[in-house]
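Undergrad: Predicted structure and sequence below. I'll ask about it afterward.
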Amino acid sequence: MLYDRFRPHYPQELVAFLRERIDPDSGQAVADIAAGTGIFTEQIAQWGNTVFVVEPNASMRRLAHRRLAGFKNCIFVDGTAESTGLPDQSVDMVVSAQAFHWFDLTKTKAEFKRIGRDSLLVAVVWNLRNTDSLFEQEYESLVRTYGVDYLSVSQRRMATEEVLTFFAPTAPEYRIFEHADFLGFTALRGRMLSYSFMPDETSPVYEEMLEAVAALFDRHQENGKVRLSYQTRLFIGGI
């Protein structure tokens with residue numbers, strides 16, 4: 001799956017920041033909600049805490065099983081944010097990377113309260129692409145040109161006000177972490193094709209799109225790489 005192979009990871013500074021909030025030797029447990037193929041889970045599983053890998057999509061859960069096969073502390077659960085399937089008061093930290101905007105927030109908050117122990121922390125994470133360089137601006141333009149329903153999908157991103165409402169009446173801590181990937185052509189092509197809104201092989205513009213991304217890469221590559229940078233946004237707090 002392109003998503004599993006080519007989507008970006010998350011900065012180590014973010015993972016280290018979260019680790020400071022949980023004790024790896026205390027029996028505290030983490031739940032990764034809508035864990036997908038386990039890209040973020042893999043980074044937090046290295047802490048050694050029990051990690052509940054909650055994902056409703058069977059094919060993604062299979063890929064997560066494969067990615068996380070070496071971690072005996074991962075427990076896989078067929079569940080959603082609104083109905084995790086986890087026991088009452090079983091979790092000390094809930095994380096959600098690149099998925100929170102799809103949740104029913106009222107039902108999700110009630111569910112997190114149910115599964116959370118005292119002093120539960122909720123961490124909400126998004127990778128957002130930068131458009132600072134000329135390459136990044138042209139890449140964004142290419143994605144907008146060929147992306148099917150790109151604007152409607154991108155506008156589904158959670159507004160800050162909605163996140164603050166979820167955490168209310170307390171205010172979450174907000175942090176930004178910068179990071180960048182240096183991609184060869186195969187990785188850049190795979191990254192672009194991993195977006196759900198991009199055309200697939202059945203589209204009449206598919207070959208045209210591939211030619212456009214190849215030309216973009218050739219214009220901007222240095223030593224066979226291009227730089228695609230991100231801001232990773234974190235909201236973390238109690239509910």
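TA: Nice, I can see it. From a predicted model like this one, the values you see are computed outputs, not experimental measurements.

Undergrad: Extract the residue ranges of the chain that are flagged as low pLDDT.
TA: Applying pLDDT under 70 to the chain picks out residues 1-4, 149-159.

Undergrad: How many residues are close by residue 78?
TA: For residue 78, the neighbour count with other C-beta atoms under 10 Å is 12. Glycine gets a C-beta too; all of them are placed from N, C-alpha and C.

Undergrad: Looking at the backbone only, give me phi and psi for it.
TA: In terms of degrees, to the nearest 10, the main-chain angles of residue 78 are phi -80, psi 100.

Undergrad: For it, which non-adjacent residue is spatially closest?
TA: Nearest residue to residue 78, sequence neighbours excluded (C-beta to C-beta, 6 or more residues apart in numbering): residue 56, at 6.3 Å.

Undergrad: list the contacts for that neighbour?
TA: 34, 78, 79, 80 (C-beta atoms under 8 Å, 6 or more residues apart in numbering).

Undergrad: nearest residue to the first one other than its sequence neighbours?
TA: When you say that, I think you mean residue 34. residue 99 (3.6 Å).

Undergrad: Would you map the strands across this protein?
TA: Along the chain, the stretches classed as strands by DSSP state E are 29-33, 50-54, 74-77, 91-97, 116-129, 173-183, 226-237.

Undergrad: The longest helix along the chain - contacts with which helices or strands?
TA: Determined from DSSP state H, the single longest helix within the chain is helix 206-220. Other elements packing on helix 206-220 under the criterion 3 or more C-beta pairs under 8 Å, 6 or more residues apart in numbering; DSSP states H and E are helix 134-146, helix 185-193.

Undergrad: Can you name the residues in contact with it?
TA: With C-beta under 8 Å, 6+ apart as the test, helix 206-220 has contacts from 134-135, 138-139, 142, 145-146, 185, 188-189, 192, 198-200, 203, 226.

Undergrad: List buried residues within these.
TA: With burial judged by 16 or more other C-beta atoms under 10 Å, the buried subset of the contacts of helix 206-220 is 135, 138, 139, 142, 146, 185, 188, 189, 192, 198, 199, 226.

Undergrad: Rebuild those as a markdown table, extending it with distance to residue 215.
TA: Output for those, formatted as a markdown table (distance: C-beta to C-beta, whole Å):
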| residue | distance to residue 215 |
| --- | --- |
| 135 | 12 |
| 138 | 10 |
| 139 | 12 |
| 142 | 9 |
| 146 | 13 |
| 185 | 11 |
| 188 | 12 |
| 189 | 12 |
| 192 | 13 |
| 198 | 17 |
| 199 | 17 |
| 226 | 12 |
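
Undergrad: Can you tell me which of the residues you listed lies closest to residue 60?
TA: residue 198 (18.0 Å; C-beta to C-beta).

Undergrad: Quick check: phi and psi at the closest one.
TA: According to degrees, to the nearest 10, residue 198 has phi -90, psi 150.
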